[in-house]
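Participant: Give me coordinates for this.
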Amino acid sequence: MTRPKDILLVTGMSGAGKSTVLKTLEDLGWEVVDNLPLVLLDRLLDAPLAEGSPDNSQPLAIGIGARTRDFDPERIIRRIRDLRDRHGLEVGMLFLDCSGAELERRYSETRRRHPLALDRPANDGIGRERELLAPLRDWANRLLDTTDMSANELAQQIRASFAGDDLGEPTLSIRSFGFARGLPRNADLVFDMRFLRNPHWDADLRPGTGLDADVSAYIMDDPAYEAALSRIEDLLILLLPRYKAEGKSYVTVAFGCTGGRHRSVHVADRVARRLREAGFSPSVGHRDLGAAPQDALEGSPAVV
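Facilitator: All right, here's what the predicted structure looks like:
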């Protein structure tokens, strides 16, 4: 028997980044097969190892989607349960989602036709596909919304999540963002840092970011800073093992401030360091770090 220890099914909306994910996993050393008909799954799992492969430890990623021959979401779910329950295999599913408006933009930009609407507007195919894939989205243990991600950002996220990954170990992401530019789509926990002193209203600090020492010192000087951050860190250290015990495979913690350049950036970096000290392995990303500072977004300076 040559079945791999870990199997990841990669599915989701057409145009949401499945090809990018599979290519990135292949670069990480995964065996990758795309658009495999379900009827051939057993044949693939029982096939002899490639020459030079010492054992069956190489993880396997299988891309599936609405275009896959004999595609049937309910059959796929039953088959995964069978692999888990009867064969003891570690099987996960990553579902890539994306907003309809962004998918339409991507199809327009690339001048490609949606595979489920070859003779109709892309929006028709997007709606049909979303309905068809709904059972897999509900059942997947990993959900990633790529609406606000470039292909490069998606690849970075996958590398951070799956390099040396055990499918049973939650992937932890720490993110900063600006409320003025919208809530992050993937966040499980959101903390509002707008109660801290805002460096934007200091002319010398405004061009900087929360990664700069002078900006960090200004934020840390807030009387509420240490007590609030310590409590947030203790809460996360308490909660994260419980998410794992509940079988959650992907946990994203987001810290927001008004513009997403100062307070949230500093706090995200600090919390990530504390979590590493506690034995976790978070990746860190700053969604709005490169945005230009704008008084209109920040509102009015606080009166003390």
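Participant: contacting residues around Ala61?
Facilitator: 7-10, 21-22, 25-26, 30-33 (Cβ atoms under 8 Å, 6 or more residues apart in numbering). C-betas here are computed from N, CA, C, even on glycine.
Participant: To which secondary structure element is it assigned?
Facilitator: strand 60-63 (DSSP states H and E).
Participant: again with Val91
Facilitator: Judged by DSSP H and E, Val91 forms part of strand 90-97.
Participant: Also Val253?
Facilitator: Assigned by DSSP H and E, Val253 falls in strand 250-257.
Participant: what are the pairing partners of that strand, and which direction each?
Facilitator: Strand 250-257 pairs in its sheet with strand 171-178 (parallel), strand 189-192 (parallel), by DSSP bridges.
Participant: Check what pLDDT Gly52 gets.
Facilitator: Here the pLDDT value assigned to Gly52 is 54.
Participant: please begin residue numbering at 159 from this point
Facilitator: Noted, 159 is the first residue going forward, which turns the last one into Gly210.
Participant: show me the contacts for the closest residue to Pro293 other than its chain neighbours.
Facilitator: Among residues not flanking Pro293 along the chain, Pro231 sits closest, at 4.1 Å (Cβ to Cβ, 6 or more residues apart in numbering). Contacts for Pro231 (Cβ under 8 Å, 6+ apart) come out as 290-294.
Participant: Check Thr367 too.
Facilitator: Counting by Cβ under 8 Å, 6+ apart, Thr367 has contacts 373, 419-420, 423, 447.
Participant: how much space between it and Asp380?
Facilitator: Going from Thr367 to Asp380 by Cβ to Cβ, to the nearest Å gives 17 Å.
Participant: for Met251, same thing?
Facilitator: 43 Å.
Participant: With neighbour numbers in mind, choose between those two.
Facilitator: Shown here are Met251 and Asp380; by other Cβ atoms under 10 Å, Met251 has more neighbours (24 against 15).
Participant: you'd agree that one is up against Ile220?
Facilitator: No: contact criterion Cβ atoms under 8 Å: Met251 and Ile220 do not qualify, at 9.8 Å.
Participant: what sits in contact with each of these two?
Facilitator: Common neighbours of Met251 and Ile220 (Cβ under 8 Å, 6+ apart) are 166-168.
Participant: Is it possible to mark the buried ones in the residues you listed?
Facilitator: For these, a burial check counting by 16 or more other Cβ atoms under 10 Å picks out 166-168.
Participant: can you put those residues in TSV and add distance to Asp360?
Facilitator: Listed next are those as TSV, based on distance: Cβ to Cβ, whole Å:
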residue	distance to Asp360
Leu166	47
Leu167	50
Val168	46
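Participant: picking that back up, give me phi/psi at the residue nearest to Pro293?
Facilitator: phi -50, psi -40 (degrees, to the nearest 10).
Participant: quick one: it from Leu167, how far?
Facilitator: Pro231 is 11 Å from Leu167, by Cβ to Cβ.
Participant: Equivalent analysis for Ala450, please.
Facilitator: Ala450 is 41 Å from Leu167, by Cβ to Cβ.
Participant: Same question for Leu198.
Facilitator: Distance from Leu198 to Leu167, by Cβ to Cβ: 14 Å.
Participant: Equivalent analysis for Pro342, please.
Facilitator: Counting by Cβ to Cβ, the gap from Pro342 to Leu167 is 25 Å.
Participant: for Ser331, same thing?
Facilitator: For Ser331, the distance to Leu167 - Cβ to Cβ - is 21 Å.
Participant: Next: Ala426.
Facilitator: 31 Å.
Participant: ok, now Leu261?
Facilitator: For Leu261, the distance to Leu167 - Cβ to Cβ - is 21 Å.
Participant: What residues sit buried inside stretch 354-366?
Facilitator: Buried-residue list, stretch 354-366, by 16+ other Cβ under 10 Å: 354-358, 363-364, 366.
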